[in-house]
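> Predicted model and sequence follow; I will ask about them next.
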Amino acid sequence: MNFDFSDEQKQLRDQARRFLADKCPPSAVRAVLEGGQAYDRDLWVGLGEMGFLGAAIPEEYGGVGLGHLELCVIAEELGRAIAPVPVASSIYLAAEFLMAAGSEAQKQAWLPKLASGETIGTFAYGEGLGRVTEKSIKASVSGGKLSGAKTPVADGDIAHLAVVAAREGGKVSLYLVDLTGPGVTRATLDTIDPTRGQATVTFKDASAELLGVAGDGWRLAAEVMDRAAILLAFEQVGGSDRALEMGRDYALDRMAFGRPIGSFQAVKHMLADMYVAATLARSNAYYGAWALSTGSSELPVAAATARVSATQAFQHCSKNNIQVHGGMGFTWAFDCHLFYRRSNGLALALGSQSTWEDLLIDRLRQRNDAPAAA
Amino acid sequence: MNFDDTPEEAAFRATARAWIEANAPRELEAELKMGGFASNGLKSVDPMAAAKAWQKKKKDAGWACLHWPTEYGGRGATPIERVIWGQEEGVYGALSGLFIIGHGMCGPTVMAWADEATKERLLPPLAAGEHIWCQLFSEPAGGSDLAGLRTAAVPATDGSGDWIINGQKIWTSGAQHSDYGIVITRTDPNVPKHKGLTMFWLDMKSPGIDVRPIKQANGQSGFNEVYFTDVRIPDSQRLGAVGQGWSVSLTTLMNERLSIGSGMPTGFPELFDFCMNLQTEDGLAIDDRSVRSRLAGYAVKASGLKYTGMRAISALSKGETPGPENSIGKLVAGATMQELAMFALDLQGQGGVVSDPEIAAAGARFQAMLLRSPATRVEGGTDEILRNIIAERVLGLPGDIRVDKDVAFKDIPTSGRG
């Protein structure tokens, strides 16, 4: 058994970690938070040049052709660095949609540009508050023209290309829409995590090209969101580990009552519980990675498991990292809130925790041998 | 990333599987599957006789104590082979519950610290299941603070070199069935507590030993008190030097950590199954959103433990040594089972109070889990000790400030008041 990444994959992780330590220090995240730019453009270009964006995209479409395990490794590092770049929208979603359902022409047209970072893609599906369901999709397409409003759309303020869920003849299908074309307006939203932007994108007779089979949109969306959920879980695992390390380091340095606060059991036990949550989430994410890379029939269960566990862990670690830091943790100057913001933003990406809990139970039920999970 | 065996592992698994298929007591399979977590569940036959028979059969064929050297009755197997054996032995592994402490802890301690003749005499019958061993460590005044133990060993006044032991041990699993034990004692109260300890092995039939089963909070009796009144032990039964007992005990406790891969039960599969079938006024329990949310939380804990175990096995397979990070298994499983049992009873409404297996839902398994789970959170290291281990040995945080360090044991206060 080798339920672990290979030595080559670990080397890739080290390489990505070094690259991000250099190009994406907390000051870079802060620069985006504080409003200088919508995302870190230099970092984005660098990720494309290093081949990180195209890791799982085949060489024939301009990628590096490694695979999804390699993309998981990179995702973990992006999560550790809370990188302010649209990788989730462009790579875990848009590129995956194209690879899953794009025509040859669509793949040729878009995948090389997504792999290089020249084009930023996203997925636009929700239309407001509450759980996104097939029924909740109101945007519609008629005669190749899309109308309706999507909000919030992750990276909708900077993306060039969107995969949009919309109705045509009563059924939900997916469409490729050039967001730089006519009939598209967008408004950046204020959010809890400005380091990954959100926008309202409004379409009025915008040109839309069918992606995949007409009427198959919701099934396809669910399939690709499962894949993306595993990659996002790796980001969350990376963020959990980093938040835990920050808390641990502060507990070692900070003195109170004549001793390091990390010598008090109340603090030690809080950190131990963070470690437990992060470890369970990592193990569940590995289960997801295995399912993703082998195309296992367990993928739906594995994705929901990885997602629920990683969301729990990152929220737990980021909030208790602030707690370990005490008052300093609540200052703008300390980096704790960057992780707190990201963890709570990611907890809502691709559907909220309660949505994924529901999905997990549905899928365990469908997989008749549910008890195998324990 | 895969769950596949290496060719060597696959060959070992095939050999193990073939032997088990040809030799396992199939007539007990169904009954063992229904067993609880405190016993092997056998009622149709004498559980002890069945356990000893299976162990003897394994020993004769070279399948006992896989991790022991062959000269002491083991197989000299690698850690990963031991895990594979455990997977293949499956439900029949429950038959070996009586021997876990002997094979996993006492045997390796004897192996590390006894002279050759003693090892040759004691270890093969232990491997063969002819003898049952217990570990006499915890005391009323020394549980989490094991080094605070008070059972005293003093040299006999007759010049024989023997030791005379007086005191009391507690929480000794299986003492009532045991033929032998290892006992840690205080031989010098005038030095700091870790330095005045000495380990011995002893015959549990020695005069002056009184074993009293403890009636536990759940009504069962798996643990015992063991009283020592002028128990005489020859110096040849000493393990390690006088005053070296703490180091010897660490051998025992380190070996406990090697027992990975089997996984601690959480009760999740049982709860899931229960919710799939429980009819409420509003339909099946599993269709209730609040139930689903709770179930999902337990599901990811059970799954996280399972795959954490897989990662540990992978590390073993590559020849790495298991570390303190494996402390999370019991920490998560114990607390999960306790919460989950309370939730399962809540789903049963007022009827959840009934614990008669003939009447209660799911054969009263959740009532049994409720009443047993507090012990899981205490035995073999409390939740708090496990968190300390993670914090200090995994995360590198400082140890507690020890007010009893460098103080002679006899001068350490014994009461929290006054």
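The structure has been received and is ready for your questions. Numbers count the residues shown, from 1 in each chain, chains lettered A, B, ... in the order given.
> So the helix or strand bottoming out on mean pLDDT in chain B, near chain A or not?
Least confident helix or strand, chain B: helix B:245-258 with a mean of 80, by mean pLDDT, DSSP states H and E. No: on the criterion CB under 8 Å from any CB of the partner chain, helix B:245-258 is out of touch with chain A, staying 15.9 Å away. The way it works is simple: take the backbone N, C-alpha and C, and place the C-beta from them, glycine included.
> neighbouring contacts of the next helix or strand after that helix?
Moving toward the C-terminus from helix B:245-258, the next helix or strand (DSSP states H and E) is helix B:268-277. Contacts with helix B:268-277, where a contact means CB atoms under 8 Å, 6 or more residues apart in numbering or on different chains, come from A:364-365, A:370-374, B:284-286, B:291, B:295, B:298-299, B:301-302, B:336, B:340, B:343-344, B:347, B:361-362, B:365-366.
> Which ones among those residues lie within strands?
B:L284 (DSSP state E).
> Looking at the contacts of helix B:268-277, which are in helices?
For the contacts of helix B:268-277, membership in helices holds for A:364-365, B:291, B:295, B:298-299, B:301-302, B:336, B:340, B:343-344, B:347, B:365-366, with DSSP state H as the criterion.
> hey, where'd the helices end up in chain B?
For chain B, the helices defined by DSSP H cover B:7-23, B:29-33, B:47-60, B:79-89, B:100-101, B:107-113, B:116-127, B:245-258, B:268-277, B:289-317, B:328-347, B:365-376, B:383-389.
> Neighbours of residue 130, how many?
Picked chain A for this. Residues near A:G130, counting by other CB atoms under 10 Å in any protein chain shown, number 10.
> actually chain B
When neighbours are defined as other CB under 10 Å, B:E130 has 13 of them.
> contacting residues for it?
B:K52, B:K56.
> How about residues contacting stretch B:357-375?
Residues external to stretch B:357-375 that are found in contact with it (CB under 8 Å, 6+ apart): B:36-38, B:216-220, B:267, B:270-271, B:274, B:278, B:334, B:337-338, B:340-342, B:344-345, B:348, B:351-352, B:354-356.
> Mind doing that once more with 6 Å?
With CB atoms under 6 Å, 6 or more residues apart in numbering or on different chains as the test, stretch B:357-375 has contacts from B:N218, B:G267, B:E270, B:F274, B:M337, B:Q338, B:A341, B:A344, B:L345, B:Q348, B:V354, B:S355.
> which residue sits closest to the first one, ignoring its sequence neighbours?
On the basis of CB to CB, 6 or more residues apart in numbering or on different chains, the spatially nearest residue to B:N218 that is not a chain neighbour turns out to be B:L371, at 3.7 Å.
> ranges for the strands of chain A?
Per DSSP E, chain A carries strands over the ranges A:121-124, A:140-142, A:145-154, A:161-168, A:171-178, A:184-188, A:198-207, A:209-211, A:255-256, A:259-260.
> Take those strands and lay them out in a markdown table including mean neighbour count, distance to chain B and mean pLDDT.
Below are the strands of chain A laid out as a markdown table (neighbours: other CB atoms under 10 Å in any protein chain shown; distance: least, CB to the nearest CB, whole Å; pLDDT from 0 to 100):
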| stretch | mean neighbour count | distance to chain B | mean pLDDT |
| --- | --- | --- | --- |
| strand A:121-124 | 29 | 24 | 98 |
| strand A:140-142 | 18 | 30 | 97 |
| strand A:145-154 | 21 | 24 | 98 |
| strand A:161-168 | 24 | 24 | 98 |
| strand A:171-178 | 22 | 24 | 98 |
| strand A:184-188 | 15 | 33 | 97 |
| strand A:198-207 | 20 | 26 | 98 |
| strand A:209-211 | 19 | 30 | 98 |
| strand A:255-256 | 10 | 11 | 96 |
| strand A:259-260 | 14 | 6 | 95 |
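> that older thread, please render the helices of chain B as TSV that adds distance to B:I165 to the earlier fields.
Supplementary listing: the helices of chain B in TSV, determined by distance: least, CB to CB, whole Å:
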stretch	distance to B:I165
helix B:7-23	42
helix B:29-33	38
helix B:47-60	27
helix B:79-89	34
helix B:100-101	20
helix B:107-113	18
helix B:116-127	19
helix B:245-258	13
helix B:268-277	44
helix B:289-317	38
helix B:328-347	31
helix B:365-376	27
helix B:383-389	26
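> about what we covered before: in PyMOL, how would I select the buried members of the contacts of helix B:268-277?
Remark: buried members of the contacts of helix B:268-277, expressed as a PyMOL selection using 16 or more other CB atoms under 10 Å in any protein chain shown:
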select buried, (chain A and resi 364+365+370+373+374) or (chain B and resi 285+286+291+295+298+299+301+302+336+340+343+344+347+361+362+365+366)
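> In its sheet, which strands sit next to the biggest strand by length in chain B, and in what direction?
Looking across chain B with DSSP E, the single longest strand is strand B:224-233. Partners of strand B:224-233 in the sheet, by DSSP bridges, are strand B:163-170 (antiparallel), strand B:209-213 (antiparallel).
> Now do the residue of the stretch 1-150 of chain A found nearest chain B against A:E70, distance only.
For the stretch 1-150 of chain A and chain B, the shortest gap (CB to the nearest CB) falls at A:F3, measuring 4.1 Å. Using CB to CB, to the nearest Å, A:F3 is found at 17 Å from A:E70.
> Next up, the contacts around the closest residue to chain A within the stretch 101-250 of chain B.
Per CB to the nearest CB, B:S144 is where the stretch 101-250 of chain B lies closest to chain A, at 11.9 Å. By CB under 6 Å, 6+ apart, the contact list for B:S144 reads B:T382, B:I385.
> Then A:L111?
With contact set as CB under 6 Å, 6+ apart, A:L111 has these partners: A:I57, A:Y61, A:G62, A:L98.
> can you name the two of those residues that are farthest apart?
Pairwise distances across the contacts of A:L111 (CB to CB) peak at 11.6 Å, for the pair A:G62 and A:L98.
> pLDDT score assigned to residue 294?
Picked chain A for this. A:T294 is assigned 94 on the pLDDT scale.
> Can you look at chain B instead?
Looking at B:R294, its pLDDT stands at 97.
> what's the answer for the one 4 residues further on, then?
Predicted confidence (pLDDT) at B:Y298: the value is 98.
> my read: it touches B:L340, true?
Yes: applying CB atoms under 6 Å, one finds B:Y298 in contact with B:L340, separated by 5.4 Å.
> Now the common contact residues for these two.
Joint contacts of B:Y298 and B:L340 (CB under 6 Å, 6+ apart) do not exist.
> any idea which helix is longest in chain A?
In chain A, taking DSSP H as the definition, the longest helix is helix A:217-253.
> What about contact with chain B: does that helix have any residue there?
Yes: counting by CB under 6 Å from any CB of the partner chain, chain B has neighbours in helix A:217-253: A:R248.
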